[in-house]
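# Predicted model, plus sequence, below.
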Amino acid sequence: MTNTTENAMPQSDTPTRGLIPLPAAAARPLLVIGGIATAASAFLAWTWTAKFPGDLTITGYPGGLQWLTLTAGILVTLVGLGHYGVPGLRALARDGSNAPAALTALGAFGTTWFTVIAIAAKLGGLTNLEPGGWIAAVASLLPLIGAFSLPQAGAGEHSATDTFRAYLAKPDAIPPTPLPTPWIQRLIITAVTIVGLFVFTYGIDTEYGELFIGYLIVVVFAVWALHTAGLIDQFSRLVAKNRSFTLAMGFAAAIAFPFTQTDDHYANIGVNILIFGTVALGLNIVVGLAGLLDLGYVAFLGVGAYTAALVSGSEFSRFSGVQFPFWAAALTGAAASLVFGVLIGAPTLRLRGDYLAIVTLGFGEIFRIAVNNMDGDSGPDITNGPNGIPSIPDLHILGIDFSQTHNIAGFTLGRFANYYLLMVLIMAIVVLVYTRAADSRIGRSWIAIREDETAATAMGINGFRVKLVAFALGASLAGLAGTVSAHVTYSVVPNPYQFAGSTPPNSAFLLAAVVLGGMGTVAGPILGAALLYLLPEKLVFLQDKSLLAFGIALVLLMRFRPEGIIANRRRQLEFHETGQLDVPEQRLPDADEPATTKAGA
């Protein structure tokens, strides 16, 4: 009788070929050589004329987009060296994962070819390219070919599309490594904070649209590569063990930002991001924690702004003789928004789902129409109608005149930098309120209501009271941000406080920031607000098409990462069904703990 086991051909799980049919032995050298060549090509002249922004005509010194190609080439080279097992870089090719190599190669290829195409489009043809531009285009192809020639499991068994997806996918299970000693953990967090501040500052300081697009290409693919390598998950574990230190480093980086700027315009961008991020964080209480869809939330920002404008001492205010100190104006604006939140929430929060969304949308429109008509003709003379309340004076806090520049340790801080630092302080207060509320008994009640209101009510939770508290707290935080917004913009007018518009603030913008960044997280809404504010600001052609861009971004997000960019762990498990919520995460011993294990019977 024939033994089928002995006659069967041995099966090997080791991949022997890649998507591109090149010898596996040539893939890794091609990846490293291509990365070096891509980085080196940034030192060549890519065009003959300085009409293309960034001056890419100099040989021996990169300019503009060439710096991004240089950065992308270095990243590809580091990943390629990781495939050779170079100490310190092995994590970039852990368990034979090809995703970091493929993604960094795509980033280098994308930014280089985008630059070449942009030169041809702006200057009128490929004839405007110098030999250096052609060399860069060819060099960026080499790591791409090398990355997709790396052996990939199932390359010969599945379709090319499935194999391509496998190259870009994160491995199903990347075993976590033991955490280092506590002081090394904090050193890593400090280094990541410094790098993050540099990357963020570079993005804000980009002076033209082409450079910002290249910046986005490099950053998106680099972060994606780090995610697939498991390094972001590893860093999340460090953050979880050092929450207080991480929060302190984050605010230290935020405070340091205006000291890195020489143009106060970029501080203006920063203060607006913080204002809208603060409002989005308040909306995150309503939407992310309590699960209430509020489509008129921007009205609470308007209530705070108008309240502050009325008591600011502006000569156009209905109460022109009244000028509160800032702390009193801020409390008044927050209290007015809280009152409006209670007045609107009390009769409407017994509704659910779409019905509640429609009512809040109506409230937002009623607010805008009301302040537009309170001009003394169509209604009482309170808000000066469509002209709004202009000439709002700058703040004076502790003897500091926010309208003047100040020199601190040799650094000059302009008007917007002063307001930026004030918003950092307010953001710290808002984050403290948010985190304490989310971790409290009422915060757990919000989550229970969000998950299943009927079950939560059956367990004894007063759903109406819990939702009303969320509505009121979120409204007060928005009103607090509105008091600063009134002074930053010098005036308050009704037009911005609508559901959707081409420029923020509007309710659609705030809701998109929460969903895009990640509902139920602290950093998510702030990141979402930064992205949604920066994109129209840097890409001028998107300013009239911002709603279209937001829609496309949300559709792509819902398809590929519905939990948002910064995911709440509970929502991530719900969307991807990777495990059960009640299963505790496996804990590994830290470096300062004994490595011994107890033998089980």
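Arrived safely, thanks for sending. Predicted, not measured: the structure shown is a model, and the values here were computed from it.
# who touches the residue lying closest to Ala346 once chain neighbours are set aside in this structure?
Spatial nearest neighbour of Ala346, chain neighbours left out: Leu468 (6.5 Å); criterion: C-beta to C-beta, 6 or more residues apart in numbering. Where C-beta positions appear, they are placed from N, C-alpha and C, glycine not excepted. Leu468 sits next to 342, 345-346, 349 when contact means C-beta atoms under 8 Å, 6 or more residues apart in numbering.
# now these as a markdown table including pLDDT?
Output for these, formatted as a markdown table (pLDDT from 0 to 100):
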| residue | pLDDT |
| --- | --- |
| Val342 | 89 |
| Gly345 | 83 |
| Ala346 | 83 |
| Leu349 | 77 |
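# Scan these and report the most crowded one.
Counting by other C-beta atoms under 10 Å, Gly345 has the largest number of neighbours within the contacts of Leu468, with 26 neighbours.
# Wait, that one touches Val469, no?
No: the pair Gly345 / Val469 is not scored as a contact, 9.2 Å apart, by C-beta atoms under 8 Å.
# so where do the strands sit in the stretch 401-550 of the chain?
Remark: strands assigned in the stretch 401-550 of the chain by DSSP state E, counting those that start in this stretch are 406-408, 411-413.
# if I look at Leu293, how far off is Thr348?
12 Å (C-beta to C-beta, to the nearest Å).
# Kindly report the same for Leu211.
According to C-beta to C-beta, Leu211 stands 47 Å off from Thr348.
# And those two? Which one has more around it.
In this comparison of Leu211 against Thr348, neighbours counted by other C-beta under 10 Å, the higher total goes to Leu211 at 22 against 19.
# from memory the more buried one sits against Asp55, does it?
No: Leu211 is beyond contact range of Asp55, at 11.8 Å (criterion: C-beta under 8 Å).
# which neighbours do those two share?
Common contacts of Leu211 and Asp55 (C-beta under 8 Å, 6+ apart): Gly64.
# any shared contact partners between Leu293 and Thr348?
Between them, Leu293 and Thr348 have 356, 360 as joint contacts when contacts are counted by C-beta under 8 Å, 6+ apart.
# center of the protein - which residue?
When C-alpha atoms, centre = their mean is applied to the chain, the residue found nearest the centroid is Leu527 (2.7 Å).
# residues in contact with it?
Going by C-beta under 8 Å, 6+ apart, Leu527 touches 517-518, 565-566.
# those helices in the stretch 151-300 of the chain, which residues are they?
Ranges of helices within the stretch 151-300 of the chain are 160-168, 182-205, 209-228, 231-241, 243-256, 264-284, 298-310, based on DSSP state H, counting those that start in this stretch.
# Tell me which of these lies nearest to Ala512.
Among these, helix 264-284 comes nearest to Ala512, with 9.2 Å by C-beta to C-beta.
# Give me the distance from that closest one to the chain's centre.
12 Å (C-alpha atoms, centre = their mean, to the nearest Å).
# Show me which helix or strand of this structure is least confident by mean pLDDT.
None of the helices or strands of the chain scores lower by mean pLDDT, DSSP states H and E than helix 4-7, at a mean of 38.
# Would you mind listing the buried residues in the following helix or strand past it?
Toward the C-terminal end, the helix or strand that comes next after helix 4-7 (DSSP states H and E) is helix 24-41. By neighbour count on 16 or more other C-beta atoms under 10 Å, the buried set for helix 24-41 is 27-28, 30-39, 41.
# With stretch 533-542 instead?
By neighbour count, with 16+ other C-beta under 10 Å as the criterion, the buried positions of stretch 533-542 are 533-539, 542.
# contacting residues around it?
In this structure, residues lying in contact with stretch 533-542 by C-beta under 8 Å, 6+ apart are 203-204, 206, 209, 212-213, 269, 272-273, 276, 502-504, 543, 546, 549.
# Buried by neighbour count, from those residues: which ones?
Among those, those classed as buried by neighbour count (16+ other C-beta under 10 Å) are 203-204, 206, 212-213, 269, 272-273, 276, 504, 546, 549.
# Rank those by pLDDT and give me only the lowest.
Among the buried ones among the contacts of stretch 533-542, Ser546 has the lowest pLDDT, at 66.
# how about the helices in the stretch 1-150 of the chain?
Under the criterion DSSP H, counting those that start in this stretch, helices of the stretch 1-150 of the chain are mapped to 4-7, 24-41, 65-83, 99-123, 131-147.
# average pLDDT across the third one?
Helix 65-83 shows a mean pLDDT of 92.
# From the contact counts, what lies against that helix?
When contacts are defined as 3 or more C-beta pairs under 8 Å, 6 or more residues apart in numbering; DSSP states H and E, helix 65-83 packs onto helix 24-41, helix 99-123, helix 131-147, helix 209-228.
# Turn the ones you listed into JSON lines, including distance to Leu179.
Formatted as JSON lines, the helices and strands packed on helix 65-83 follow (distance: least, C-beta to C-beta, whole Å):
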{"stretch": "helix 24-41", "distance to Leu179": "30"}
{"stretch": "helix 99-123", "distance to Leu179": "21"}
{"stretch": "helix 131-147", "distance to Leu179": "30"}
{"stretch": "helix 209-228", "distance to Leu179": "18"}
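# Would you tell me which of the ones you listed gets closest to Leu89?
With C-beta to C-beta as the criterion, Leu89 lies closest to helix 99-123 of the helices and strands packed on helix 65-83, at 10.2 Å.
# Who are the packing partners of that closest one?
If you count contacts as 3+ C-beta pairs under 8 Å, 6+ apart, helix 99-123 packs onto helix 24-41, helix 65-83, helix 131-147, helix 160-168, helix 209-228.
# ok and that helix relative to helix 24-41, angle-wise?
For helix 99-123 and helix 24-41, the angle between their directions (axes from the mean of the first three to the mean of the last three C-alpha atoms, to 10 degrees) works out to 40 degrees.
# what about the stretch 401-550 of the chain, any weak spots by pLDDT?
The model of the stretch 401-550 of the chain has pLDDT under 70 over residues 502, 541-544, 546-547.
# Quick one: residues contacting Tyr363.
Quick fix: residue 363 reads Phe, not Tyr. Residues in contact with Phe363 (C-beta under 8 Å, 6+ apart) are 296, 299, 344, 348.
# Could you rerun that using 7 Å?
Applying C-beta atoms under 7 Å, 6 or more residues apart in numbering, one finds that Phe363 lies in contact with 296, 299, 344.
# neighbour-wise, which of those leads?
Ala299 (28 neighbours).
# Just the local confidence number for the closest residue in space to that residue that isn't next to it in sequence, please.
The spatially closest residue to Ala299, leaving aside those adjacent along the chain, is Phe367, at 3.8 Å (C-beta to C-beta, 6+ apart). The predicted local confidence for Phe367 comes out at a pLDDT of 88.
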